[in-house]
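[1] please find the sequence and the predicted model below.
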Amino acid sequence: MNIIELFEKGGPTIWPLLGLSVLAIGTVFERLWFWSNLLKGERKTAKQIIDAARRDWDEATHLARQSSNQPIGRFLFTPLRLANQEPEIFRLALEASADEELTAMRKGSKVLEAVIALSPLLGLFGTIQGLQKSLGALDIEDLGKITLGLDNALTSTWVGLLVAIVSLTFYRLFQGLVFNQARIFRRTGNELELVYRQFWLQSIGTRPALPPQKDSPESQEI
């Protein structure tokens, strides 16, 4: 069956199915390009920034700024630039940055969800429409024509199912990548937070003690 025959047998619902398939293919290719670029050297970049943070906080901030074209770089740079802030603020910055990056990684999910839901329904609609047309002209002498009508009616169903199955496959793949990315963010963020808490405790220990207040017991003894 060539393309022309497919459109002839599929009926009017084949056109919206074609639109959905083009939309799904465009989204899939865009996401594949996004993930192929994202996964290049991501773990290496995260390791370099964490190792630098253990040595020099300013160096780690500089490395994260240089890697701001990558999600992992933006994720780590947001809290790194908050040096000398309380650890709780640092942790909140990590969580907010992770949420923002993960939301961007889910781009296209709604499009694929819509294609997965609508494609089978459009296919079934075309099948019912074809069956109604074939059975409406039911005649014992025209069994051959009825069989041909049933074949044409089922074409839209398998096209709709094909579009939905392919879209669902890539949808699950992208969801798995987002889930794995969340694990990487969580692990890297925990390591950086631990380093920052150590840095915070050291900075607290090197700060000069505050002079006693006038109403304190130390000032009264003097």
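    Yep, it's here.
[2] does anything pack onto the helix or strand containing residue 49? Which helices or strands?
    Per DSSP states H and E, residue 49 falls inside helix 42-55. Packing partners of helix 42-55 (3 or more Cβ pairs under 8 Å, 6 or more residues apart in numbering; DSSP states H and E): helix 57-66, helix 71-80, helix 143-206. Every residue, glycine included, has its C-beta placed from N, CA and C.
[3] how about the ones you listed in CSV, adding mean neighbour count and mean pLDDT?
    Output for the helices and strands packed on helix 42-55, formatted as CSV (neighbours: other Cβ atoms under 10 Å; pLDDT from 0 to 100):
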stretch, mean neighbour count, mean pLDDT
helix 57-66, 18, 90
helix 71-80, 23, 91
helix 143-206, 16, 82
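[4] will you turn these into TSV that also has distance to residue 26?
    Converted to TSV, the helices and strands packed on helix 42-55 look like this (distance: least, Cβ to Cβ, whole Å):
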stretch	distance to residue 26
helix 57-66	32
helix 71-80	22
helix 143-206	12
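[5] how much space separates the residue positioned nearest the centre of the chain from residue 60?
    Nearest residue to the geometric centre of the chain (Cα atoms, centre = their mean): residue 106, 2.4 Å. Distance of residue 106 to residue 60, computed by Cβ to Cβ, to the nearest Å: 28 Å.
[6] same thing with residue 79?
    From residue 79 to residue 60 the distance is 10 Å (Cβ to Cβ).
[7] for residue 158, same thing?
    For residue 158, the distance to residue 60 - Cβ to Cβ - is 55 Å.
[8] state the helix or strand in which residue 120 lies.
    Per DSSP H and E: residue 120 is located in helix 109-136.
[9] buried stuff in that helix?
    111-112, 115-116, 118-120, 122-123, 125-127, 130-131, 134 (16 or more other Cβ atoms under 10 Å).
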